[in-house]
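Visitor: Here is my input; please provide its structure:
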Amino acid sequence: MTPGTNVPSARPADEDPRRSGTRRTRLARFPVALPARAGLGLVLLAVPLLLALGGPWFAGEPGPRAASFTLGGGHWLGTDVTGADVWRQVLLGGRSVVLIALAATALTYLVAVPTGLTAALTRRSWLEELLMRPLDIVLAVPSLLLLLLVAALFAPGAAGLALIVAGIAVPDTTRMVRAAATAVAARPAVEALRMQGESRLRIALGHVGRAIGRTLAADAGVRLTGALYLVATAAFLGVGVTPGAPDWAVMVDRNRTGLAVQPWAVTVPALLVVALSMGANLLFDAVLAHRRKPHDRARRTD
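Guide: Numbers count the residues shown, from 1 in each chain. Here you go, the predicted structure:
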């Protein structure tokens, strides 16, 4: 062999060519699949959010009433059962559904996370029983029945409906947080922190809370979907909404009789609610997959 000739580097003897190729193929799939899922989730989430939050600013003044369930005549999506413009009703009807569902989901975690962490980290059994047993009683009552019972007693508005929906979701979310935090609290690292004299607040927020962050993120999409279901059902039944006010769920109920004649009055608000739920879940799944990717790469390398 003459000097200066390039010698190809030899493959390590213990490396399987098929395994190396499979590893490269699997790693190559992540950068393509992940942005596609996240992008789809963002689009599905952004469309109903933009219509719900910014729609009332562009709705304009109501025009003259037309015939019920007609298409054309200057109405992009036709008219509804009352002869009102469906597109204007869509622009005005999303804010209540979206804001109540988001507020209820946020309130759920504001109550469930500290309660679940306290129940998981306390060494006083009476305190754990005091926190969890009343929630078990509420959890035994069907959510829709509980919603109707409380609504019949207090006749809530939008804020009251958010509180009711959050109260219904708190027991199940608290049990989920407690179960996840109990598994983390049993680790030797938490016992070491206790022996070092770390405060319970620092252990709960600095270690246990961070360790269950991925579990909470995965659960958030499910909780938002459940909140949307309860809020839409309540509006469908006339709970928490002003009679005659534009609302996506009310539009589905009010215009279902004309579905075969004028489908846009039903399908557009229904698809917006579905898109909001699917977009939130896809986005949370994409975030979790992105955070899990470095761990998967390290495991495959090992």
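Visitor: Any regions of the chain where pLDDT drops low?
Guide: Counting by pLDDT under 70, the chain contains low-confidence residues at 1-35, 243, 290-302.
Visitor: ok, 50 please
Guide: Along the chain, segments meeting pLDDT under 50 span 1-2, 7-15, 17-33, 295-296, 298-299, 302.
Visitor: From the centroid of it, which residue is nearest?
Guide: Closest to where the C-alpha atoms of the chain average out (C-alpha atoms, centre = their mean) is Gly221, at 2.4 Å.
Visitor: Can you show me the helices along the stretch 1-150 of the chain?
Guide: When assigned using DSSP state H, counting those that start in this stretch, the helices of the stretch 1-150 of the chain occupy the ranges 17-58, 86-121, 125-139, 143-154.
Visitor: where do the helices sit along the stretch 201-302 of the chain?
Guide: Per DSSP H, counting those that start in this stretch, the stretch 201-302 of the chain carries helices over the ranges 209-211, 213-236, 248-255, 264-301.
Visitor: Pull the number of nearby residues for Asn278.
Guide: You called it Asn, but residue 278 is Met. Using other C-beta atoms under 10 Å, the number of residues around Met278 comes to 16. Glycine gets a C-beta too; all of them are placed from N, C-alpha and C.
Visitor: Roughly how far does it sit from Leu77?
Guide: Using C-beta to C-beta, to the nearest Å, Met278 is found at 21 Å from Leu77.
Visitor: do Ala46 as well
Guide: Going from Ala46 to Leu77 by C-beta to C-beta gives 20 Å.
Visitor: So between these two, which is more surrounded?
Guide: Using other C-beta under 10 Å, the more surrounded residue of Ala46 and Leu77 is Leu77, with 18 against 14.
Visitor: check contacts around that one.
Guide: Leu77 sits next to 85-87, 90, 264-265, 268 when contact means C-beta atoms under 8 Å, 6 or more residues apart in numbering.
Visitor: Dump the residues you listed into CSV; add neighbour count as well.
Guide: Listed next are the contacts of Leu77 as CSV, based on neighbours: other C-beta atoms under 10 Å:
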residue, neighbour count
Asp85, 23
Val86, 24
Trp87, 17
Val90, 24
Trp264, 21
Ala265, 27
Val268, 20
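Visitor: out of those, which one sits closest to Thr242?
Guide: Closest approach between the contacts of Leu77 and Thr242, by C-beta to C-beta: Val90, at 17.4 Å.
Visitor: Just confirm the closest one contacts Val266, I think it does.
Guide: No. Using C-beta atoms under 8 Å, Val90 is not in contact with Val266, being 11.4 Å away.
Visitor: Give me the common contacts of the two.
Guide: Common neighbours of Val90 and Val266, using C-beta under 8 Å, 6+ apart, are Met251.
Visitor: any idea which of the helices of the stretch 1-150 of the chain is most buried?
Guide: Sort the helices of the stretch 1-150 of the chain by mean neighbour count, taking mean count of other C-beta atoms under 10 Å, and helix 86-121 sits at the top with a mean of 22.
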